[in-house]
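A.B. asks: The sequence isn't on hand, but the structure is:
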């Protein structure tokens with residue numbers, strides 16, 4: 001267990017402490033949710049917990065099924081921007097003082113990219129992303145925020161029926177390539193055509209079957225990334241982190257990150273030294289088997305450590321509220337930071353204590369040096385802090 005912490009503190013929001021203007025690297029997300037405890041929506045409730053835990057990183061879903069998953073009102077929206085404007089909760093969490101905001105954005109148009117993308121549909125997809133990106137740049141001008149807009153696990157979108165062993169047909173690969181190209185161009189054009197300062201927006205592609213690509217088989221990383229001038233790649237990492245020792249996990253992830261970066265076209269003026277990050281990681285547990293809780297804590301902490309050692313810009317834990325359940329028994333897989341009983345789990349306190357200690361370090365460093373530490377100095381300190389928690 002982490003410092004002997006047990007379950008117990010209920011779902012009250014912790015007191016907010018002011019955060020330094022820095023990338024803490026380690027974060028979590030609030031995608032959907034199967035439970036809630038306040039009059040806030042599931043979206044707002046999780047965002048408040050993420051912020052009161054001490055994180056300045058938020059990741060949410062903003063798509064066709066989002067209103068249902070967050071228990072928000074149903075609205076008639078045909079574009080992402082229409083949905084965003086129709087439901088105040090979205091702007092409410094974007095307005096919170098998160099420095100980095102990630103959003104799953106697919107499309108609310110009627111375009112089914114797997115079937116085809118004709119000229120009319122191409123324009124519709126482009127317009128949807130261009131308008132949303134332009135809105136964010138104008139609305140959050142001089143806010144200091146960075147928006148990361150991308151997709152959920154892309155290889156599952158490409159592989160029918162979650163079948164990792166199938167070979168996606170060429171027309172699906174070609175159409176997904178065009179879809180990503182359109183989205184990237186729309187964001188690049190919005191930045192070029194919109195006057196803005198101290199606000200950034202980037203496009204990412206999320207992949208989840210990279211080992212397949214490294215074996216020469218058809219997937220996004222092998223067949224699509226080299227053809228898309230994408231800003232960043234998010235890796236949903238479950239294929240690489242299960243049932244491995246620390247060294248095995250680190251070596252596997254190191255090889256994957258190097259491979260992915262080797263698939264990318266060169267691109268200038270990006271804010272981080274690396275263009276690949278952990279968009280999802282996490283481990284199951286069973287509270288009726290205490291040893292699984294200890295293993296979950298240990299392995300989560302190891303991934304956090306590996307992320308810092310490999311100098312990736314983000315590592316996002318899955319997630320604040322659990323949404324994974326055993327299909328046969330209905331038992332929670334307990335991947336959350338706050339569980340179904342409203343208890344803050346040890347993983348919550350691991351993150352919170354990390355943020356508090358690193359925030360105090362940044363404040364002290366800035367006061368002494370009149371500037372924040374360079375990334376390598378921050379990460380060295382972060383590793384010291386993490387190992388002591």
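C.D. replies: Received, thanks. None of the values given here were measured: they were computed from a predicted structure. Numbering: from 1, shown residues only.

A.B. asks: I'd like the average pLDDT over the lengthiest strand in the chain.
C.D. replies: Ranked by number of residues, the top strand in the chain under DSSP state E is strand 200-207. Strand 200-207 carries an average pLDDT of 98.

A.B. asks: which strands and helices sit next to it?
C.D. replies: Counting contacts by 3 or more CB pairs under 8 Å, 6 or more residues apart in numbering; DSSP states H and E, strand 200-207 is packed against helix 119-139, strand 146-150, helix 154-158, helix 170-193, helix 220-223, strand 232-236. Just so you know, the C-beta spots here come from the backbone N, C-alpha and C atoms, and that holds for glycine as well.

A.B. asks: need those in TSV with mean neighbour count, can you?
C.D. replies: Shown next, in TSV, are the helices and strands packed on strand 200-207 (neighbours: other CB atoms under 10 Å):
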stretch	mean neighbour count
helix 119-139	18
strand 146-150	22
helix 154-158	22
helix 170-193	18
helix 220-223	24
strand 232-236	25
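
A.B. asks: Tell me which of these lies nearest to residue 371.
C.D. replies: strand 146-150 (19.4 Å; CB to CB).

A.B. asks: what lines up beside the closest one in the sheet?
C.D. replies: Here strand 146-150 is paired, per DSSP bridges, with strand 100-104 (parallel), strand 200-207 (parallel).

A.B. asks: Give me the contacts around that strand.
C.D. replies: 99-105, 129, 132-133, 136, 140, 183, 187, 199-206, 232, 234, 271, 279 (CB atoms under 8 Å, 6 or more residues apart in numbering).

A.B. asks: Residues in contact with stretch 64-77: which ones?
C.D. replies: Residues contacting stretch 64-77 (CB under 8 Å, 6+ apart): 31-33, 36, 41-43, 61, 82-83, 86-87, 89, 106-108.

A.B. asks: I'd like to know which of those are part of helices.
C.D. replies: 42-43, 82-83, 86, 89 (DSSP state H).

A.B. asks: Which of those residues sits closest to residue 19?
C.D. replies: So of the ones in helices among the contacts of stretch 64-77, ranked by how close each gets to residue 19 (CB to CB), first place is residue 43, at 20.5 Å.

A.B. asks: quick one, phi/psi of residue 316?
C.D. replies: Note on residue 316: backbone dihedrals following degrees, to the nearest 10 are phi -110, psi 110.

A.B. asks: May I have the predicted confidence score for the closest residue to it other than its chain neighbours?
C.D. replies: Excluding the flanking residues, the one nearest residue 316 by CB to CB, 6 or more residues apart in numbering is residue 27, at 4.9 Å. On pLDDT, residue 27 comes in at 98.

A.B. asks: Quick check: residue 27 is in a strand.
C.D. replies: Yes. Residue 27 forms part of a strand when assessed by DSSP: H, G, I helix; E, B strand; the rest coil.

A.B. asks: Hmm, it is touching residue 313, no?
C.D. replies: No. Between residue 27 and residue 313 there is no contact under CB atoms under 8 Å: 10.6 Å.

A.B. asks: Who has more neighbours out of those two?
C.D. replies: More crowded of residue 27 and residue 313, by other CB atoms under 10 Å: residue 27, with 23 against 20.

A.B. asks: Relative to residue 91, how far out is the more buried one?
C.D. replies: As judged by CB to CB, to the nearest Å, residue 27 and residue 91 stand 21 Å apart.

A.B. asks: Now for residue 364, how many residues are close by?
C.D. replies: 11.

A.B. asks: and the nearest residue to residue 373 once chain neighbours are set aside, backbone torsions?
C.D. replies: Excluding the flanking residues, the one nearest residue 373 by CB to CB, 6+ apart is residue 365, at 5.2 Å. Main-chain torsions, residue 365, degrees, to the nearest 10: phi -60, psi -40.

A.B. asks: Find me the pLDDT at residue 365, would you?
C.D. replies: At residue 365, the model reports a pLDDT of 98.

A.B. asks: Quick check: which ranges of the stretch 201-350 of the chain have low pLDDT?
C.D. replies: Within the stretch 201-350 of the chain, no stretch has pLDDT under 70.

A.B. asks: What lies in contact with the helix or strand encompassing residue 364?
C.D. replies: Per DSSP states H and E, residue 364 falls inside helix 346-369. Helix 346-369 is contacted from outside by 1-3, 5-7, 14, 17, 19-20, 22, 24, 26, 28, 53-55, 293, 296-297, 300-301, 304, 317, 336-338, 372-373, 378, 381-382, 385-386, 389, using CB under 8 Å, 6+ apart.

A.B. asks: and that helix, which residues are buried?
C.D. replies: Going by neighbour count (16 or more other CB atoms under 10 Å), the buried part of helix 346-369 is 346-355, 357-359, 361-362, 365.

A.B. asks: Give me the buried subset of the contacts of stretch 64-77.
C.D. replies: Counted by 16+ other CB under 10 Å, the contacts of stretch 64-77 give 31-33, 36, 41-43, 61, 82-83, 87, 89, 106-108 as buried.

A.B. asks: Just give the nearest non-adjacent residue to residue 80, would you?
C.D. replies: Nearest to residue 80 is residue 132, by CB to CB, 6+ apart, at 4.7 Å.

A.B. asks: How much space separates the one you found from residue 46?
C.D. replies: Distance, residue 132 to residue 46, using CB to CB: 22 Å.
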